[in-house]
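Peer 1: this one's structure only:
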Ligand SMILES: [Fe+2]
């Protein structure tokens, strides 16, 4: 018999787990689904099957639950399924949590010592004909693109054996998937990340190890046509600090942001390191190169509320509100400057994905206009921001709403940037259900063209992706 979860900000309100799988063949829609919107919208996020052993919780620790909304001919079907990792199956069989938080071996049940802590809860992408559920501490997990049945962990023929970040980049010009794996030698081995280039067909053709200054959390990296940048922010994991009673993962006060620049086809000996002021940065909008510089538009802040500092002190969301900033890296001198493009409280900025690694101007994002504490209460609005003109185009769902990542969805046949729609899963304050709100991409302020009713509350989650039916990534997988 499963007991109720304990009280925790990330287990209540918008975050309260529903622990529920469903299939809905034809959801009710208010408004009209455009006839040239055809494809699939996926979302991944944490949905803990059981309460933790420690009586504490972290938003990043829940078991991955994937949602798929297939859209065609003005109709929408929905399926949601947990990613059935080895961790999930072992704990379901035991009827209780076996792994410590974040897989901490000190608090895990002896029966899972040596087993892989993989929640697969962070992102969900199509590449190489496969649907992949991703989390940065383990290997990808392959799922069925229609039924979301779990097929199993994927190691690319042994070439990606340890970790694979949840933020790989697809270069639509080549079809390649470029990614990193952080902390590939675990907490005790040398601090290194693995950099890989995978062909359109899903074959790893380039895999190199890059030494990094410390055991850092490297949630994302930057890719352009010819360059790659690894930003090492001041968040690290330190087993020795933990053994002395400190936090396992912490913001390290006094440490700069360290960035490595490398040719895209390069390896460790080509890396040049440089430093910048301490920054929290988990998500970029887009990155490209122009006139000898790398332009990285990022959601960044001068600190974070996601982890304590090395002494256990915590900041609030208000102290660490993110803004959309442009980091301009001079390739020749390996140096960087920063400017704020938009100071709205922003969570996940997204481009027109088809132009990832090439110059873009439109930013789609969920933002916080009125909620008291955005990270816990949720982001209550969505924004398209034109980084060239500075024009804002936004829609507010009402105080206390939680809007997930706003993802651009090209219309069938679209060629130009931002020609199509944008969508986000929304939960309004205290509502018993959620909705998928679909906007015209260039008129967010007009409100949703169509609102798909989801007949239960979808807890706040992480990353989403839309693949139109004419996208090669969709056609290779479906
Ligand atoms: Fe992320």
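Peer 2: The structure has been received and is ready for your questions. Note that this is a predicted model, so its numbers are computed, not measured.
Peer 1: so what secondary structure elements neighbour the top strand by length along the chain?
Peer 2: In the chain, assigned by DSSP state E, the strand with the most residues is strand 280-290. Counting contacts by 3 or more CB pairs under 8 Å, 6 or more residues apart in numbering; DSSP states H and E, strand 280-290 is packed against strand 222-223, strand 227-232, strand 293-301, strand 345-350. No exception for glycine: its C-beta is placed from N, CA and C like everyone else's.
Peer 1: Let me have the ones you listed in TSV, adding distance to residue 27, mean pLDDT and mean neighbour count as columns.
Peer 2: As requested, these are exported to TSV (distance: least, CB to CB, whole Å; pLDDT from 0 to 100; neighbours: other CB atoms under 10 Å):
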stretch	distance to residue 27	mean pLDDT	mean neighbour count
strand 222-223	36	98	26
strand 227-232	40	98	23
strand 293-301	31	97	22
strand 345-350	23	95	24
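Peer 1: Just the strands from the stretch 1-150 of the chain, written as ranges.
Peer 2: Using DSSP state E, counting those that start in this stretch, the strands found in the stretch 1-150 of the chain span residues 22-24, 29-31, 39-46, 64-72, 75-82, 123-127, 130-134, 141-143, 150-153.
Peer 1: I'd like the ones you listed written out as CSV, with mean neighbour count added.
Peer 2: Converted to CSV, these look like this (neighbours: other CB atoms under 10 Å):
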stretch, mean neighbour count
strand 22-24, 14
strand 29-31, 14
strand 39-46, 25
strand 64-72, 24
strand 75-82, 20
strand 123-127, 25
strand 130-134, 25
strand 141-143, 24
strand 150-153, 16
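Peer 1: which residues does residue 210 contact?
Peer 2: For residue 210, the contacting residues are 192, 193, 194, 195, 230, 260, 262, 267, 268, 271, by CB atoms under 8 Å, 6 or more residues apart in numbering.
Peer 1: Separate out the buried members of those residues.
Peer 2: Neighbour counting with 16 or more other CB atoms under 10 Å marks 192, 193, 194, 195, 230, 260, 262, 271 as buried within the contacts of residue 210.
Peer 1: Would you format those as TSV with secondary structure and distance to residue 205 included?
Peer 2: What follows is those, written out as TSV (DSSP: H, G, I helix; E, B strand; the rest coil; distance: CB to CB, whole Å):
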residue	secondary structure	distance to residue 205
192	strand	20
193	strand	18
194	strand	14
195	strand	12
230	strand	20
260	strand	21
262	strand	17
271	coil	20
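Peer 1: From those residues, pick the one nearest residue 388.
Peer 2: The nearest member of those to residue 388, counting by CB to CB, is residue 230 at 27.8 Å.
Peer 1: now that closest one: how far from residue 213?
Peer 2: Distance of residue 230 to residue 213, computed by CB to CB, to the nearest Å: 11 Å.
Peer 1: hang on, the earlier thing: of the helices and strands packed on strand 280-290, which is nearest residue 109?
Peer 2: Smallest distance to residue 109 across these (CB to CB): 33.3 Å, for strand 227-232.
Peer 1: Give me the contact list for that closest one.
Peer 2: Under the contact criterion CB under 8 Å, 6+ apart, strand 227-232 has outside partners 178, 180, 193, 195, 210, 212-214, 216, 218, 220-222, 257-264, 266, 281, 287, 289, 294, 296, 329, 331.
Peer 1: Quick one: buried ones out of those residues?
Peer 2: By 16+ other CB under 10 Å, the contacts of strand 227-232 give 178, 180, 193, 195, 210, 212, 216, 218, 220-222, 257-262, 264, 266, 281, 287, 289, 294, 296, 329, 331 as buried.
Peer 1: on that earlier part again, as TSV, the strands of the stretch 1-150 of the chain with mean pLDDT and distance to residue 351 would be great.
Peer 2: Rendered in TSV, the data for the strands of the stretch 1-150 of the chain read as follows (pLDDT from 0 to 100; distance: least, CB to CB, whole Å):
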stretch	mean pLDDT	distance to residue 351
strand 22-24	97	30
strand 29-31	98	26
strand 39-46	98	16
strand 64-72	98	21
strand 75-82	98	24
strand 123-127	98	15
strand 130-134	98	19
strand 141-143	98	25
strand 150-153	98	30
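Peer 1: List the contacts of residue 184.
Peer 2: Applying CB under 8 Å, 6+ apart, we find residue 184 in contact with 162, 163, 192, 193, 194, 209.
Peer 1: at 6 Å instead, please
Peer 2: 162, 163, 192, 194 (CB atoms under 6 Å, 6 or more residues apart in numbering).
Peer 1: Do you know the pLDDT at the closest residue to residue 303 other than its chain neighbours?
Peer 2: With CB to CB, 6 or more residues apart in numbering as the criterion, residue 303 has its nearest non-adjacent residue at 4.6 Å, and that residue is residue 320. For residue 320, the model assigns a pLDDT of 88.
Peer 1: Return the residues in contact with residue 320.
Peer 2: Residue 320 neighbours (CB under 6 Å, 6+ apart): 301, 303, 304, 305.
Peer 1: And what about the last one, helix, strand or coil?
Peer 2: Three-state secondary structure (criterion: DSSP: H, G, I helix; E, B strand; the rest coil) places residue 305 in coil.
Peer 1: Just to be sure, residue 266 is in a strand?
Peer 2: No - counting by three-state DSSP, residue 266 is not found in a strand; it is coil.
Peer 1: separation between it and residue 208?
Peer 2: Distance of residue 266 to residue 208, computed by CB to CB: 8 Å.
Peer 1: got it, and residue 417?
Peer 2: When distance is defined by CB to CB, residue 417 is 32 Å away from residue 208.
Peer 1: same thing with residue 351?
Peer 2: Remark: distance between residue 351 and residue 208 (CB to CB) = 27 Å.
Peer 1: Which one's more surrounded, the two?
Peer 2: Per other CB atoms under 10 Å, whichever of residue 351 and residue 208 has more neighbours is residue 351, with 25 against 18.
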